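K.L.:
the following comprises the amino acid sequence and a computationally predicted model.
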Amino acid sequence: MQFRGAEAVVTVKEDEVIKKRIKKGYRHPELDRELRQQRTKLEARLLSSARRLGVPVPRVISVSECEIRMEFVPGKSVKEILSENFHEDVCFEIGSGLGKLHRGGIIHGDPTTSNMIYNGRVFFIDFGLGFFSTRKEDMAVDLSVLFESVKSAHFKYLNEIWENIMEGYSKENPESEAVCCVLRKIEKRKRYA
Ligand SMILES: Nc1ncnc2c1ncn2[C@@H]1O[C@H](COP(=O)(O)OP(=O)(O)O)[C@@H](O)[C@H]1O
Ligand SMILES: [Mg+2]
């Protein structure tokens with residue numbers, strides 16, 4: 001199976017997944033190659049660091065210029081799981097996983113429920129927009145992306161889901177109070193915009 005995103009082509013095989021960053025025609029060819037190489041290297045480093053923090057992520061098999069080969073994670077997307085029903089334990093794990101990443105200085109960049117796979121544990125995938133940071137503002141924006149994805153995909157159980165996500169998050173990130181404070185400001189700004 002193949003997924004074509006804006007930045008990458010992802011080829012999913014039985015035992016491995018190959019994520020290849022594609023050329024952007026509007027960029028200078030050399031600059032384009034440089035940027036794709038850097039993004040690929042960063043994404044692989046984020047995956048390895050997340051793994052060291054104990055957050056379930058696919059194992060990186062190899063990295064070359066613009067391509068990451070990684071372990072295939074079987075299971076359903078968390079989006080599908082939560083569309084069927086509310087699952088307290090899954091929500092708690094989404095929060096604790098993101099909390100661990102943040103405590104370890106990793107911002108996921110796109111923590112929507114489509115970028116998580118459930119197979120007994122919640123695996124985080126797609127660190128393509130991720131970066132290293134310990135700023136509370138960056139953590140809050142990450143949480144806000146997650147909140148918006150839950151709001152749009154799982155509105156029916158929004159309150160239950162969010163409550164359990166934040167329970168997991170605050171257990172793992174000692175700065176959660178301060179991060180939530182920034183998150184509330186972000187959400188308020190959005191409502192007035
Ligand atoms: N390690 C993996 N195991 C299983 N499926 C994966 C894995 N990585 C990616 N996928 C599948 O490929 C899709 C696209 O990969 P992703 O990294 O999210 O790329 P994009 O940046 O284009 O969104 C995911 O939504 C998921 O369905
Ligand atoms: Mg994705």
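P.N.:
Looks like it arrived, so ask away. Ligands and ions are numbered 1, 2, ... in the order given.

K.L.:
the closest residue to residue 182 other than its chain neighbours: neighbouring residues, count only.
P.N.:
Setting aside the residues directly before and after it, residue 182 is nearest to residue 140 in space (C-beta to C-beta, 6 or more residues apart in numbering), at 3.7 Å. For the C-beta atoms, the positions are set from N, CA and C on the backbone; glycine is no exception. Close neighbours of residue 140, defined as other C-beta atoms under 10 Å, add up to 22.

K.L.:
contacts only, for residue 140.
P.N.:
Residues in contact with residue 140 (C-beta atoms under 8 Å, 6 or more residues apart in numbering) are 179-180, 182-183, 185-186.

K.L.:
C-terminal to the helix or strand harbouring it, what's the next element?
P.N.:
Element membership for residue 140 (DSSP states H and E) is helix 136-153. Scanning forward in sequence from helix 136-153 by DSSP H and E, the next helix or strand is helix 158-172.

K.L.:
which pLDDT value belongs to the residue nearest to residue 182?
P.N.:
For residue 140, the pLDDT comes out at 98.

K.L.:
enumerate the residues of this structure near ligand 2.
P.N.:
Along the chain, the residues adjacent to ligand 2 under the rule C-beta under 5 Å from the ion are 115, 126.

K.L.:
what does the chain put close to ligand 1?
P.N.:
3, 5, 7-8, 10, 12, 17, 19, 58, 70, 72-73, 114-115, 117, 125-126, 128 (C-beta under 6 Å from any ligand atom).

K.L.:
report the angle between the helix holding residue 140 and helix 158-172.
P.N.:
Going by axes from the mean of the first three to the mean of the last three C-alpha atoms, to 10 degrees, helix 136-153 is angled at 150 degrees with respect to helix 158-172.
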